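In: Please work out how this folds:
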Amino acid sequence: MLTRSLKLITLSACLVWASACTPVLSNKPVSDNKGSRSLGTLYNDQLIETTTVDAILRATPLLEAAHVSAISVNGIVLLIGQVPSEDTKIIAGAKARKVSNVRKVHNELLVSGPSSYVVRTNDTLITTKVKTRMVGETGFPATRIKVVTENGVVYLMGLVTQAEGDWAVRVASKASGIQRIVKVFEYID
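Out: Residues are numbered from 1 along each chain as shown. You can find the predicted model right below:
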């Protein structure tokens, strides 16, 4: 009896939570903010990332020891990390393109040995510096921009206007330790 009651309460809470996402009747669009991603899109991006890395690492034994990351924003995938050869880089890109809901792939994999712990720690520090600078700026929702750093290269992703993308690059360029900045934006204007 308690289990049945718990299930009903959980189901009711889920229905209330889901129905609170948007009004039932409205004369306005569901979202006025074109740069925001829905919960469904966020979930799909997470699924794309996991599926892509899994598909790449299983593609060939040569990739099993590679350091590969896939970052997805609105179905646009950025591949970063290190692979043992140009052939494995091409295989990784091809595998990523075949993943469901992937719209485009930016293959930025480097042909080299895996990066060291020191390099990865430095990349994390650079990402933190860039994000901190963005959050510190007023008048722009920095949470719409994803910042990823690999080997000192900062990748900026998100759904932004051209002006917002330019702003993000200006702010990011003020952080120290950056080799270069790569824009992987989807422009909404």
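In: For the rest of this, base every contact and every neighbour count on C-alpha atoms.
Out: OK.
In: Show me the shaky parts of the protein.
Out: Along the chain, the parts satisfying pLDDT under 70 run over 1-35.
In: mind listing what residue 174 touches?
Out: Contact partners of residue 174, counting by CA atoms under 8 Å, 6 or more residues apart in numbering, are residue 130.
In: now the one 4 residues further on
Out: Contact criterion CA under 8 Å, 6+ apart gives 126, 152, 153, 154 as the residues in contact with residue 178.
In: Let me know how buried the third one is, in neighbour terms.
Out: Residues lying near residue 153 (other CA atoms under 10 Å) number 17.
In: can you give me the strands in this protein?
Out: Counting by DSSP state E, residue ranges of the strands within the chain are 67-73, 76-83, 104-107, 110-111, 145-150, 153-160, 180-187.
In: Please identify which of those is closest to residue 48.
Out: When these are compared for distance to residue 48 using CA to CA, the nearest one is strand 67-73, at 6.7 Å.
In: which residues touch the closest one?
Out: Contact with strand 67-73 is made by 42, 45-46, 48-50, 52-53, 77-83, 109, 114-115, 157-159, as judged by CA under 8 Å, 6+ apart.
In: What of stretch 86-103?
Out: Contacts of stretch 86-103 with the rest of the structure, by CA under 8 Å, 6+ apart, involve 44, 48, 51-53, 55-56, 59, 62-63, 75-77, 79, 83, 104-105, 107, 109-111.
In: are any of those residues buried, and which?
Out: Buried members of these, scored by 16 or more other CA atoms under 10 Å, are 44, 48, 51-53, 56, 59, 63, 75-77, 79, 83, 105, 107, 109-111.
In: How much space separates residue 89 from residue 173?
Out: As defined by CA to CA, to the nearest Å, residue 89 lies at a distance of 28 Å from residue 173.
In: try residue 50
Out: For residue 50, the distance to residue 173 under the criterion CA to CA works out to 30 Å.
In: before we move on, what about residue 71?
Out: Looking at residue 71 against residue 173, where the rule is CA to CA, the gap reads 21 Å.
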